[in-house]
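S.K.: Structure for this input, please:
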Amino acid sequence: MGKGDLERTEERILNSHDSLNLLTALLWGEARGEDAVGKLAVAHVVNNRRIDNRWPDTFKDVILQPWQFSCFNSGDPNKEQVQIALMPSFDGNWGNLSWRECRWAAQSVISGLCRDFTKGANHYYASSIKTPRWAEGERACFMHGRHLFFAL
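M.R.: Coordinates of the predicted model:
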């Protein structure tokens, strides 16, 4: 199987999941080391993009846009863990508190049970990395844990 075939297979697998599973996996890949508030904040970024006409209007389409969330990018160390976690036969994470928090945060934001407290953030990055070009000169609207959030 060539690289192109593998990428198409990965895309088909991701597209077969619903918004709740994809958002849970995104939170697992992007914020599993954060507390519940940090996980909710990342979920709100996805929702804020969904309701902004610059992005697609479904959770699934926002999440699967290329190069938007690093845990889905080729070469990201979290990508393999996210893919394994999305496999239908994988249930090992349910015993993990962080995974359950990711699921709870995803459900809370998708269902509208949790109001946005990020002041409209639609971007974020981990403070452990070099400031991305898109954030240079911008002021964070919310900070929590190891993430800085921006409303751009």
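S.K.: Which secondary structure state does the residue positioned nearest the centre of the chain sit in?
M.R.: In the chain, the centroid-proximal residue (C-alpha atoms, centre = their mean) is residue 26; its distance is 3.4 Å. Secondary structure for residue 26, judged by DSSP: H, G, I helix; E, B strand; the rest coil, is helix.
S.K.: residues in contact with it?
M.R.: Listed by C-beta atoms under 8 Å, 6 or more residues apart in numbering, the contact set of residue 26 reads 42, 46, 63, 69, 71, 72, 82. Every residue, glycine included, has its C-beta placed from N, CA and C.
S.K.: how about the residues you listed in JSON lines, adding secondary structure and distance to residue 33?
M.R.: As requested, those are exported to JSON lines (DSSP: H, G, I helix; E, B strand; the rest coil; distance: C-beta to C-beta, whole Å):
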{"residue": "42", "secondary structure": "helix", "distance to residue 33": "11"}
{"residue": "46", "secondary structure": "helix", "distance to residue 33": "18"}
{"residue": "63", "secondary structure": "helix", "distance to residue 33": "19"}
{"residue": "69", "secondary structure": "coil", "distance to residue 33": "16"}
{"residue": "71", "secondary structure": "helix", "distance to residue 33": "12"}
{"residue": "72", "secondary structure": "helix", "distance to residue 33": "18"}
{"residue": "82", "secondary structure": "helix", "distance to residue 33": "14"}
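S.K.: Just the closest of the residues you listed to residue 127, please.
M.R.: Ranked by distance to residue 127 (C-beta to C-beta), the contacts of residue 26 are led by residue 42 at 13.7 Å.
S.K.: Below-threshold pLDDT in the chain: ranges please.
M.R.: Where the chain drops to pLDDT under 70, the residues are 1-17, 84-85, 87-94.
S.K.: all helices for it, in order.
M.R.: Ranges of helices within the chain are 3-15, 19-31, 36-50, 59-63, 79-85, 97-110, based on DSSP state H.
S.K.: Between the ones you listed, which one is closest to residue 119.
M.R.: Proximity to residue 119, assessed across the helices of the chain by C-beta to C-beta, is greatest for helix 36-50 (9.6 Å).
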